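**Q** missing the sequence, but the structure's below:
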């Protein structure tokens with residue numbers, strides 16, 4: 001599985017509203033500004049809006065306010081920044097179109113609606129989204145409209161390396177064996193019975209995470225419920241989403257269960273019996289303690 005597929009399978013993120021994704025500390029939207037590939041993040045320092053250049057723009061027919069901070073990326077604007085209120089609007093807009101063209105094109109591509117620069121703007125009380133390029137060289141604010149939020153607040157714009165993503169904890173159980181068994185076999189189980197487990201020691205254990213993923217020597221895959229009986233560790237363990245994501249490229253190596261380890265016999269997501277790993281003659285076996 002790919003990281004985005006894993007994130008998309010978790011309700012916390014799959015069911016998250018666009019505004020929740022956008023407001024996450026993990027927001028990091030890949031974008032292209034001119035010839036440069038970069039990332040948009042929430043601005044670390046919010047400049048006073050009165051110190052920014054306010055522009056009126058529209059996405060399609062929707063009016064928005066775009067406020068741009070002073071930046072070394074915009075040298076021509078920088079030369080007249082302190083006196084910009086004295087510059088005739090047509091001249092100022094012409095410089096903006098020339099120097100801010102890559103930024104405007106990036107916003108148009110991100111929102112996927114035609115962007116038009118309609119004139120100089122005024123700072124309004126409307127909620128704004130303050131963003132900056134990855135290197136901090138340019139900070140801007142854009143009206144926090146439904147169009148902008150829905151376009152920016154997409155799962156693909158989350159940084160999987162961010163601690164908010166990686167620190168999410170998930171329930172997991174180690175699976176040591178799986179074998180075919182019919183319901184009659186399960187119905188007749190009683191304390192003291194033993195089920196031989198020749199798979200243990202010959203088949204590598206795997207980790208079932210949140211009932212959604214399987215982590216094994218092949219990496220990470222979706223968990224698929226089947227008709228087999230499964231032998232799981234009776235004591236679950238928590239695993240971080242970061243560990244799950246790491247297992248894509250560095251598959252987990254899990255230890256084999258030791259004698260006396262508490263186990264559950266599971267089928268169809270239901271625990272049918274609890275017991276321990278023991279040895280019968282020269283065979284490892286699941287010894288039933290309760291049903």
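**A** Okay, I see it. Small disclaimer: the values here were computed from a predicted structure and weren't measured. Residues are numbered from 1 along each chain as shown.
**Q** Show me where the stretch 101-250 of the chain has its strands.
**A** With DSSP state E, counting those that start in this stretch as the criterion, the stretch 101-250 of the chain has strands at 115-120, 128-133, 139-143, 169-179, 194-196, 206-209, 213-216, 219-222, 229-233, 237-240.
**Q** Could you name the helices and strands sitting against the longest one?
**A** If contacts are counted by 3 or more C-beta pairs under 8 Å, 6 or more residues apart in numbering; DSSP states H and E, strand 169-179 sits against strand 206-209, strand 229-233, strand 237-240, helix 241-246. Where you see a C-beta, it was placed from the backbone N, CA and C, and this is true even at glycine.
**Q** mind running it again at 6 Å?
**A** Using 3 or more C-beta pairs under 6 Å, 6 or more residues apart in numbering; DSSP states H and E, the elements in contact with strand 169-179 are strand 206-209, strand 229-233, strand 237-240.
**Q** rewinding a little: for the strands of the stretch 101-250 of the chain, which has the smallest mean pLDDT value?
**A** Here the lowest mean pLDDT among the strands of the stretch 101-250 of the chain goes to strand 194-196, at a mean of 91.
**Q** May I see the buried residues of it?
**A** Within strand 194-196, the residues that qualify as buried are 194-195, counting by 16 or more other C-beta atoms under 10 Å.
**Q** Neighbouring strands - and their directions - for that strand?
**A** With DSSP bridges as the test, strand 194-196 is paired with strand 283-290 (antiparallel).
**Q** any chance of the helices and strands packed on strand 169-179 in CSV, plus mean neighbour count?
**A** Converted to CSV, the helices and strands packed on strand 169-179 look like this (neighbours: other C-beta atoms under 10 Å):
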stretch, mean neighbour count
strand 206-209, 22
strand 229-233, 22
strand 237-240, 14
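**Q** Out of these, the one nearest residue 16 is which?
**A** In terms of C-beta to C-beta, the element of these nearest to residue 16 is strand 237-240, at 18.6 Å.
**Q** List the strands paired with that closest one, with their directions.
**A** Strand 237-240 has these partner strands in its sheet, going by DSSP bridges: strand 169-179 (antiparallel).
**Q** can you list contacts of the strand it pairs with?
**A** Residues outside strand 169-179 that contact it (C-beta atoms under 6 Å, 6 or more residues apart in numbering) are 197, 199-200, 205-210, 228-233, 236-240, 254, 257.
**Q** ok so, going back, do you know which of the strands of the stretch 101-250 of the chain lies nearest residue 32?
**A** strand 128-133 (11.1 Å).
**Q** Okay, buried residues for the helix or strand bottoming out on mean pLDDT in the chain please.
**A** Least confident helix or strand, the chain: helix 183-187 with a mean of 79, by mean pLDDT, DSSP states H and E. Within helix 183-187, no residue qualifies as buried by neighbour count (16+ other C-beta under 10 Å).
**Q** roughly how far out does that helix sit from the chain middle?
**A** 41 Å (C-alpha atoms, centre = their mean, to the nearest Å).
**Q** what's the answer for stretch 261-271, then?
**A** 30 Å.
**Q** end-to-end on that stretch?
**A** Criterion C-alpha to C-alpha, to the nearest Å; first-to-last residue distance in stretch 261-271 is 16 Å.
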